[in-house]
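Participant: how would this look folded up:
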Amino acid sequence: MYACLHGPGNLPLLVECARGFSPHIEENPPDSAIFDARGLEALHGPPAALAAEIERRVGVKVNIAIAPNPDAALHAARGIAGITVIETGKEAAALARLPVNLLSAAFHNSEVAESLHLWGIRTFGEFAKLPPLGVAARLGDEGVELQRLARGEGYRRLRPIEDPLEFEAELELEYPVDLLEPLAFVMARLLKEICERLAARALATNEIRLNLTLENAPVHATSLKLPVPMLDQKAFLRMLQLDLSGRPPVEPVVKVHMAAEPVKPRRMQQGLFMPSSPEPEKLELTVARVRHLVGAGRVGSPEILNTHRPDGFAMRAFAPDVLRGSVGVSSVAAAPELPRLCLRRFRPPRYAQVLVVNRQPVRVMSPSVSGRVAMAKGPWRTSGEWWRDDRWNRDEWDVALDSGGVYRIYQENDSGRWFVEGSYD
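Facilitator: Just a heads-up that it's a prediction; the model follows:
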């Protein structure tokens, strides 16, 4: 069964109403929309109950027709007021009294319409009673096709709307907003619209971009990059609020634009004997709260940078390890690891005074590390990135103090200052 909604001047509203029942929708400009109603009996009951539910949801006065094929439903909705339900095999009788000019949208040749007018054909029923061979001889293939439509014998498929996969929403405010609380209501409305459109396509998102047009300042842009695909409107709103509270707009907001990157949703199966892990939505919200407290760039997983700079690393966002659990146990026995020292770095390095005799450090003095040097190894000179403002050029030493501690110290060759970089465990 197919349902058609016909209402002059309300095509966008009709399409929006049809989306609530089926993803397969066909537009028939300027005033009709058809959707596939097969399989909706379990949700809304028989066709008459479905038509009543459509009328309740659409909210305006429209003609509704349900028929076994799209063309019969379209013609019935355009020619019969109110609700019409056509049973299978009774299409011709239901359409018989409709004026033949409703077929004008299907005419590709004005001579066919003129011939029907000269023959005195005024209704679908009169056209359907004409001999098919005579219609074919005088009107050709187009006449045969039109007569089939007049009998309600449709067999074509819908030409569904293909919406672009762009999930964006924006709202221009009536007056500038300078407080985060009323701005949150606007963001919640846009997030709800985007999440509903994603859910209708069985999609999720791993990135949300927010652009705030300000009154007398450049656009304030922010984004949420999620480690896993999510579709939680409340979590998105809370994370955006935390981001904006830490970095608020400098001027009142006049327009809000939001966009989401569509991706396939995350699907995973839990084992019966495996402990359940935290939900990604709750974990990401917790990370956002911690980031709000300690600052951006200080939360995540440390990642070593491809550089010779001492202690060169960056914090990357948490992401699931796709390889974890996918690699089997190696058949080759792992070589035993030799014991090694671990350098526990001080961040930032601690300023120190070092007494040097014969180019060898003999005593270290600092607020936390002090003592006579019992053994020293070095220096090891390291330098690099001379073209940058944060270049480095220093000599490193490993020293053992008489107190028993082992430390790494270094001297900046440009300034001559000494620092304690860390201790060895």
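Participant: any residues touching the lowest-mean-pLDDT helix or strand in the chain, and which ones?
Facilitator: Ranked by mean pLDDT, DSSP states H and E, the weakest helix or strand in the chain is helix 280-294, scoring a mean of 72. Helix 280-294 has contacts (Cβ atoms under 8 Å, 6 or more residues apart in numbering) with 226-228, 230, 232, 235, 238-239, 242-243, 245-246, 266, 298-299, 318. For the C-beta atoms, the positions are set from N, CA and C on the backbone; glycine is no exception.
Participant: 7 Å instead?
Facilitator: Contacts with helix 280-294, where a contact means Cβ atoms under 7 Å, 6 or more residues apart in numbering, come from 226-228, 230, 232, 235, 238-239, 242, 245-246, 299, 318.
Participant: for the residues you listed, work out which two are farthest apart.
Facilitator: Largest separation among the contacts of helix 280-294 by Cβ to Cβ: V228 and S245, giving 24.3 Å.
Participant: which of the two has more neighbours?
Facilitator: Neighbour tally, V228 and S245, criterion other Cβ atoms under 10 Å: the higher count belongs to V228, 18 against 10.
Participant: so where's the stretch 1-150 of the chain shaky on pLDDT?
Facilitator: Where the stretch 1-150 of the chain drops to pLDDT under 70, the residues are 104-110.
Participant: ranges for the strands of it?
Facilitator: 2-6, 25-28, 32-36, 63-67, 83-85 (DSSP state E, counting those that start in this stretch).
Participant: let me have those strands in a markdown table, extended by distance to D414 and mean neighbour count.
Facilitator: Shown next, in a markdown table, are the strands of the stretch 1-150 of the chain (distance: least, Cβ to Cβ, whole Å; neighbours: other Cβ atoms under 10 Å):
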| stretch | distance to D414 | mean neighbour count |
| --- | --- | --- |
| strand 2-6 | 77 | 27 |
| strand 25-28 | 70 | 19 |
| strand 32-36 | 74 | 26 |
| strand 63-67 | 82 | 26 |
| strand 83-85 | 86 | 20 |
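Participant: among those strands, which is nearest K192?
Facilitator: strand 25-28 (21.4 Å).
Participant: Provide the strand pairings for that closest one, with the direction of each partner.
Facilitator: strand 32-36 (antiparallel) (DSSP bridges).
Participant: nearest residue to E207 other than its sequence neighbours?
Facilitator: E261 (4.1 Å; Cβ to Cβ, 6 or more residues apart in numbering).
Participant: what sits against that neighbour?
Facilitator: E261 sits next to 205-207 when contact means Cβ under 7 Å, 6+ apart.
Participant: please name the residues that touch R122.
Facilitator: Shown in contact with R122 (Cβ under 7 Å, 6+ apart): 99-100.
Participant: could you pull out the helices in the protein for me?
Facilitator: Taking DSSP state H, the helices of the chain run over residues 11-19, 41-44, 47-58, 70-79, 91-95, 110-119, 124-128, 132-150, 180-200, 233-246, 280-294.
Participant: how about the shortest one as PDB, C-alpha atoms only?
Facilitator: What follows is the C-alpha trace of helix 41-44 in PDB, where atoms were taken according to Å, rounded to 0.1, in the frame of the first residue of the first chain:
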ATOM      1  CA  GLU A  41      -0.100  -2.200   9.900                       C
ATOM      2  CA  ALA A  42       1.700  -3.600  13.000                       C
ATOM      3  CA  LEU A  43       2.300   0.000  14.200                       C
ATOM      4  CA  HIS A  44      -0.900   1.800  13.200                       C
END
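Participant: from the chain's centroid, how far away is that helix?
Facilitator: Here helix 41-44 shows a centroid-to-chain-centroid distance of 30 Å under the convention Cα atoms, centre = their mean, to the nearest Å.
Participant: stretch 11-18 now?
Facilitator: Averaging C-alpha positions (Cα atoms, centre = their mean) puts stretch 11-18 24 Å from its chain's average.
Participant: tell me the pLDDT of A221.
Facilitator: For A221, the pLDDT comes out at 91.
Participant: find the residue closest to it in space, skipping its chain neighbours.
Facilitator: Of all residues not flanking A221 in the chain, N211 sits nearest, at 5.1 Å (Cβ to Cβ, 6+ apart).
Participant: domain parsing for the protein?
Facilitator: With domains defined by automatic domain parsing, the chain comprises 2-150, 167-263, 343-424.
Participant: and the residue nearest to L203 when sequence neighbours are not counted, what does it touch?
Facilitator: Distance criterion Cβ to Cβ, 6+ apart; nearest residue to L203, sequence neighbours excluded, is P262 at 4.5 Å. Neighbour list for P262: 165, 167, 198, 203, 205 [criterion: Cβ under 7 Å, 6+ apart].
Participant: quick check: the gap between P262 and R56.
Facilitator: 31 Å (Cβ to Cβ, to the nearest Å).
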